[in-house]
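Colleague: Have a look at this fold, sequence not included:
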């Protein structure tokens, strides 16, 4: 997610709806694959008691048990992720990460 944030922060055209970020990702078992994230535009979130207008990026699965990832990047925080979800397959509960506080 930090790599995605750095790429998006460096290249303004990638912040437009429909823009695609393609990058190599190493899995938990050391396997390398190429993931493609698509920008879905700005989405308003309430996190840590504050409203945040974040850019939403989605990586759709390519196979039935592949990983679906959603990442919200906050332009006001150098495009760092403020929320993320990940789910692998239809029966996976997945997990969610959310910004808890702002110091």
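Modeller: Done, it's in. As the structure is a computational prediction, the values presented were derived from the model and not from experiment. Residues are numbered from 1 along each chain as shown.
Colleague: Is the residue positioned nearest the centre of the chain in a helix, a strand, or coil?
Modeller: Geometric centre of the chain, nearest residue: residue 71, 2.0 Å, by C-alpha atoms, centre = their mean. Of the three states, residue 71 takes strand according to DSSP: H, G, I helix; E, B strand; the rest coil.
Colleague: OK, contacts around it?
Modeller: Shown in contact with residue 71 (C-beta atoms under 8 Å, 6 or more residues apart in numbering): 1, 4, 37, 56-58, 81, 83-84. In this view, the C-beta of every residue, glycine as well, is placed from N, C-alpha and C.
Colleague: Residue 27 versus that one, what's the distance?
Modeller: 17 Å (C-beta to C-beta, to the nearest Å).
Colleague: what's the answer for residue 52, then?
Modeller: Distance, residue 52 to residue 27, by C-beta to C-beta: 29 Å.
Colleague: neighbour count winner among these two?
Modeller: Higher neighbour count among residue 52 and residue 27: residue 52, with 20 against 9, using other C-beta atoms under 10 Å.
Colleague: before we move on, back to that, filter the contacts of residue 71 down to the buried ones.
Modeller: Buried by 16 or more other C-beta atoms under 10 Å: 1, 4, 37, 56-57, 81, 83-84, out of those.
Colleague: I'm done for today, thanks for sticking with me.
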